[in-house]
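Undergrad: no FASTA, just this:
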């Protein structure tokens, strides 16, 4: 399959490749795209469910009617501040109720959230704001000991388009979110179309800083609706959002949005530890939640001595990284609930094991696609389809898989084929039942417990240090996180220490999960036959190296 930039449909946001009209028409006719927007979905649920609890966060308990009204008031406040349709707004909020009222207010207004993670720091946030020409940045005052207002000061001094910093909590020199609610938002305005871009998510890509993923109301709501159906959500469902709310997994698979679509209740946990989550499961009678494998293993250990009643839990979803068969087999006997494996990506394709699948399929595979129109192709390095059951690189296209990243024409030519397939970078094989088994990654990326680390991004930061001649970042196996990061560094005349390089990366504002777990100083890199750095050989050398030669930088 050859590669070229996909065509852009007339009238859409500039820089956002969309589905060709023949595909858009097919997806509408098949009933995948129903012309719904997020603002309309919430309004309809508020009219239907009224006083039913929609969100629980700390001491806050909001009904559907309250969430809908707060979104209206906040949308009017954003508009009065000068935020307009298609304006980009970087949203960096933790698992607090304000995250969702901000989302729905921006959706209703037609402004475009850019979802950043709480772990991101100045390197990432400055890039997101500058690249998208964001007009506003929404943050908490403090979270897990970090003052986001200090970060906002740095970013605002660098990005000229950033007119507003809005703070949930003590605003300091900025605008308090609590002051923006209009008492009676009488003004009306034309909302977005279902085919419009609704927001931007971040890729876990392998090259440099994350790419921006444009998701439309049409395509994302289909994914949310279908996920809620597959996971059998209804008005009695109670979903615990334990992972960071801005992640695609707890947002839509089925996540909080799927729970709200189904008329259920979403409960927010400020931390995913058993000490926080188990009491919430007991108190709120949680029926479904989602974890990455390292957290799932912590829960399985903690449950052995549990004091809390977890009997309401019917489904534990595990995704973000491959879950070992041995750990998967422990879920049902330990927690008394069904395991559901989830394999997906923010770019689109999501696979689930079904709740009524045989246990063998549940523990040994990562599920099958949501849609019958999710097209799957598994190819070798030359782009030829492999034989059934063989491992190859996963390509996909479908009604909720994007056709290109935002303002990334050159990268899109590599990441998407000429006929619209997204090259995921995952190595998979397909079982006779049509289920996917994930075997690894073809892209230069480390999956650190579900957090994706692009090797090139970390390498570029290391190369900025005056004592570093060259750097190569690779994955090393880890029984807990699946993979950790190791940076091989060729020093210049002055040899830096691991501690020096770690401090340097922190000073450059790199998110903590991207800081290498281990740093090795070497004289040369092994090379391939064509003279490129052989990361395969580095990984093999790493596996053979003794503990006395290792230079760990941290143990978390």
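TA: Okay, I see it. Remember, it's a predicted structure, so these values are computed and weren't measured experimentally.
Undergrad: Buried residues, the helix or strand bottoming out on mean pLDDT in the chain. List them.
TA: Of all helical and strand segments in the chain, the minimum by mean pLDDT, DSSP states H and E falls on helix 535-544, at a mean of 83. Under the neighbour-count criterion of 16 or more other CB atoms under 10 Å, helix 535-544 has 535, 538, 541, 542 buried. For every residue, glycine as well, the C-beta is placed using N, CA and C.
Undergrad: Likewise for stretch 418-435?
TA: Neighbour-count burial for stretch 418-435 [16+ other CB under 10 Å]: 420, 421, 422, 423, 424, 425, 426, 427, 428, 429, 430, 435.
Undergrad: hmm, back to that, export the buried residues of helix 535-544 to JSON lines and tack on distance to residue 119?
TA: Below are these laid out as JSON lines (distance: CB to CB, whole Å):
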{"residue": "535", "distance to residue 119": "25"}
{"residue": "538", "distance to residue 119": "26"}
{"residue": "541", "distance to residue 119": "30"}
{"residue": "542", "distance to residue 119": "25"}
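Undergrad: ok, now which ones touch residue 288?
TA: Listed by CB atoms under 8 Å, 6 or more residues apart in numbering, the contact set of residue 288 reads 231, 233, 237, 238, 239, 240, 313, 314, 315, 316, 317.
Undergrad: so which of those is the most crowded?
TA: Among those, the one with the most neighbours (other CB atoms under 10 Å) is residue 239, at 30 neighbours.
Undergrad: And that one, how close does it get to residue 61?
TA: Note on residue 239: its distance to residue 61, by CB to CB, to the nearest Å, is 15 Å.
Undergrad: Residue 323 now?
TA: Counting by CB to CB, the gap from residue 323 to residue 61 is 33 Å.
Undergrad: neighbour count winner among those two?
TA: Taking other CB under 10 Å, residue 323 and residue 61 do not tie; residue 323 has more neighbours (24 against 15).
Undergrad: Double-check that one against residue 293; I have them as touching.
TA: Yes - contact criterion CB atoms under 8 Å: residue 323 and residue 293 qualify, at 4.7 Å.
Undergrad: Look up the closest residue to residue 37, ignoring the ones flanking it.
TA: residue 217 (4.4 Å; CB to CB, 6 or more residues apart in numbering).
Undergrad: Give me the number of neighbouring residues for the one you found.
TA: Neighbours of residue 217 (other CB under 10 Å): 26.
Undergrad: just the strands in the stretch 201-350 of the chain please.
TA: With strands called from DSSP state E, counting those that start in this stretch, the stretch 201-350 of the chain shows them at 212-216, 238-241, 265-268, 288-291, 315-319, 338-344, 350-352.
Undergrad: typo on my end, it should be the stretch 351-500 of the chain
TA: Using DSSP E, counting those that start in this stretch, the strands of the stretch 351-500 of the chain run over 368-369, 375-379, 392-397, 422-430, 436-441, 445-448, 451-454, 468-478, 482-491.
Undergrad: Which one of those lies nearest to residue 297?
TA: Residue 297 lies closest to strand 482-491 among the strands of the stretch 351-500 of the chain, at 10.4 Å (CB to CB).
Undergrad: Could you tell me the average pLDDT over the closest one, please?
TA: Mean per-residue pLDDT for strand 482-491: 93.
Undergrad: now it, how far from the chain's geometric center?
TA: Relative to its parent chain, strand 482-491 has a centroid offset of 23 Å by CA atoms, centre = their mean, to the nearest Å.
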